[in-house]
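Undergrad: Here is a sequence together with a model predicted from it:
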Amino acid sequence: MTHTTTPRTAAALLFLLAAAAHAAPMDFNAAQQQFTQRSDQLAASRSAVESAQLRRDAMQRLGGPVVSLTGAAYAYNANLGLDLDPLNRTMAGVLSQLPAQLAAPLAQLPQLPQSYTLNRHKSDTTASVSAVWPIYMGGASQAARGLLDAHTHEAEADAAKTGHEATTVLVQRYFGAQLAERAAVLREAALATIEQHDAAAQKMLDAGVIARVERLQARSALEDARRNARKARDDADLAATALTRTLRADERVTPTSPLFVLNQPLPPLPHFIDAALARHPGLSKVAAKKEQATQLHAAQEALRRPQVFAFGQRQLKTGRDADWVAGVGVRWTLWDSIDRNALAESSNRQIEQAERTGAQARSDIALLVEHRWLAVEQARRQFMALAPGLELADEVLRLRTAGLKAGTSTMLDLIDAQTNQAKAQTERAQAAHDYVKALAELLESCGLSDEFSSYMARADVMKVE
């Protein structure tokens with residue numbers, strides 16, 4: 001069968017060669033460092049923590065004195081209307097009672113108008129400084145700061161959870177790309193070998209050594225190998241693209257850290273359960289929620305207590321005529337339309353809810369850790385169990401190769417042996433990938449994702465190159 005190369009195929013090959021030339025080799029530790037620096041998800045979680053911390057810092061002096069400066073410039077115009085008619089009548093009555101000698105001169109005086117409007121206008125400025133200092137607020141200030149502390153702890157727990165989950169995603173994509181590349185290489189190597197066998201089969205058919213049906217079987221196996229190799233390469237390219245985008249890299253990333261399996265079992269299960277109960281971010285978040293409910297209860301109780309504050313104000317004016325006032329005030333709410341007892345009971349229920357949620361979370365986390373610990377151990381045993389199968393596939397391939405030369409095996413037997421060897425190698429690499437993935441998930445459930453690199457460094461002869 002003759003295969004021609006179309007312009008589209010040639011362009012695709014050139015693109016793959018260019019992509020391979022611009023690939024950036026990167027081990028897992030370097031990938032993790034770059035991921036931490038460039039991940040938008042991690043940056044968002046860090047911003048949330050910083051925001052909560054800044055809010056708490058802003059309320060550090062809550063309950064202290066408040067000093068304010070007030071200034072104003074003003075102008076006014078005031079009018080006051082006076083009715084003088086009653087005064088005119090009174091004056092007329094008085095003149096009528098006076099002797100004529102006195103009344104005559106006074107009568108010559110002009111009368112007052114019936115009304116008169118007084119006008120006053122002025123422009124001026126005023127300034128004053130005032131201060132209020134809460135002396136006793138019933139514990140409201142401390143409760144407010146404690147609530148903000150609890151919100152900060154919740155943000156830190158969310159950020160830790162995001163970090164652990166992101167590490168697991170990175171492990172899956174990094175070693176997933178490694179597995180996909182390994183599978184593609186194995187499939188392509190098998191294809192290259194089967195192509196040689198196919199060419200040999202054609203020569204044997206021409207020489208009359210094998211029947212036509214055997215030649216057709218070899219050609220069918222070649223097409224299957226070609227199809228499988230193409231699919232494996234597409235999967236590898238897709239996995240590499242996913243890893244590159246995860247790392248926000250400028251060029252295609254080629255993972256260099258191999259898949260691995262630790263020869264020895266992990267530490268006992270109680271070690272991981274204890275770590276999870278001490279470090280799992282979910283439990284930290286539940287504790288933060290409980291603290292928030294506790295501080296809300298304390299704030300509500302503070303409203304029942306009296307509030308004492310000092311205050312003062314002075315006009316900014318030189319001299320003794322400056323106005324000022326100072327004193328101490330007390331405020332105590334004797335009756336309120338809000339049912340404080342119901343609010344207190346509500347906050348107590350929130351505290352109880354957080355406690356029950358924490359107890360359930362501890363139970364669920366312990367079960368999750370056990371499940372994932374068993375998954376790691378099962379993956380390790382599966383990897384070990386595949387070793388004899390791989391040895392058998394190698395031996396069968398060796399025997400089939402020798403048998404074909406001796407005439408005791410057919411070409412199809414050799415192709416099947418080659419295919420089975422690639423399958424056994426791929427299955428063992430898949431088992432190693434399952435181990436790495438399960439290990440990352442176990443460490444995430446324990447809050448120990450930062451220890452993944454140390455486990456990878458302890459990998460022994462079971463590394464899968």
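TA: Done, it's in.

Undergrad: all contacts plus neighbour counts: C-alpha atoms, from now on.
TA: Will do.

Undergrad: gap between stretch 266-273 and the chain center?
TA: 28 Å (C-alpha atoms, centre = their mean, to the nearest Å).

Undergrad: pretty sure residue 76 belongs to a strand, no?
TA: Yes. Residue 76: assigned to a strand according to DSSP: H, G, I helix; E, B strand; the rest coil.

Undergrad: how close does it sit to residue 315?
TA: 20 Å (C-alpha to C-alpha, to the nearest Å).

Undergrad: Looking at the two, which has the bigger crowd around it?
TA: Per other C-alpha atoms under 10 Å, whichever of residue 76 and residue 315 has more neighbours is residue 315, with 18 against 9.

Undergrad: can you tell me which residues contact the nearest residue to the more buried one once chain neighbours are set aside?
TA: Among residues not flanking residue 315 along the chain, residue 128 sits closest, at 4.0 Å (C-alpha to C-alpha, 6 or more residues apart in numbering). Neighbouring residues of residue 128 by C-alpha atoms under 8 Å, 6 or more residues apart in numbering: 69, 70, 71, 313, 314, 315, 316.

Undergrad: Tell me where this structure has helices.
TA: All helices of the chain, identified by DSSP state H, fall at 7-21, 28-38, 40-58, 85-97, 100-107, 140-206, 212-246, 269-279, 281-302, 340-406, 411-446, 452-457.

Undergrad: and these as TSV, adding distance to residue 263 and mean neighbour count?
TA: Shown next, in TSV, are these (distance: least, C-alpha to C-alpha, whole Å; neighbours: other C-alpha atoms under 10 Å):
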stretch	distance to residue 263	mean neighbour count
helix 7-21	34	12
helix 28-38	20	16
helix 40-58	33	16
helix 85-97	118	12
helix 100-107	132	12
helix 140-206	19	21
helix 212-246	27	18
helix 269-279	17	17
helix 281-302	30	22
helix 340-406	8	17
helix 411-446	11	23
helix 452-457	12	15
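
Undergrad: Quick check: of the contacts of residue 128, which lies closest to residue 434?
TA: Nearest to residue 434 among the contacts of residue 128, counting by C-alpha to C-alpha, is residue 69 at 68.4 Å.

Undergrad: The closest one: what's it in contact with?
TA: 127, 128, 129, 130 are the contacts of residue 69 under C-alpha under 8 Å, 6+ apart.

Undergrad: Worst mean pLDDT among the helices of the chain?
TA: Mean pLDDT is lowest for helix 7-21 out of these, coming in at a mean of 44.

Undergrad: Look up how far residue 297 lies from the closest residue to residue 215 other than its chain neighbours.
TA: In space, and not counting its chain neighbours, residue 215 is closest to residue 201: 5.9 Å by C-alpha to C-alpha, 6+ apart. Going from residue 201 to residue 297 by C-alpha to C-alpha gives 85 Å.

Undergrad: rewinding a little: turn the contacts of residue 69 into TSV, columns for pLDDT.
TA: Output for these, formatted as TSV (pLDDT from 0 to 100):
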residue	pLDDT
127	89
128	89
129	92
130	92
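
Undergrad: Among those residues, name the buried ones.
TA: Neighbour-count burial within the contacts of residue 69 applies to 128, 130; the criterion is 16 or more other C-alpha atoms under 10 Å.

Undergrad: check contacts around the closest residue to residue 130 other than its chain neighbours.
TA: In space, and not counting its chain neighbours, residue 130 is closest to residue 313: 4.1 Å by C-alpha to C-alpha, 6+ apart. Residues in contact with residue 313 (C-alpha under 8 Å, 6+ apart) are 128, 129, 130, 131, 324, 325, 326.

Undergrad: Same question for residue 288.
TA: 150, 151, 153, 154.
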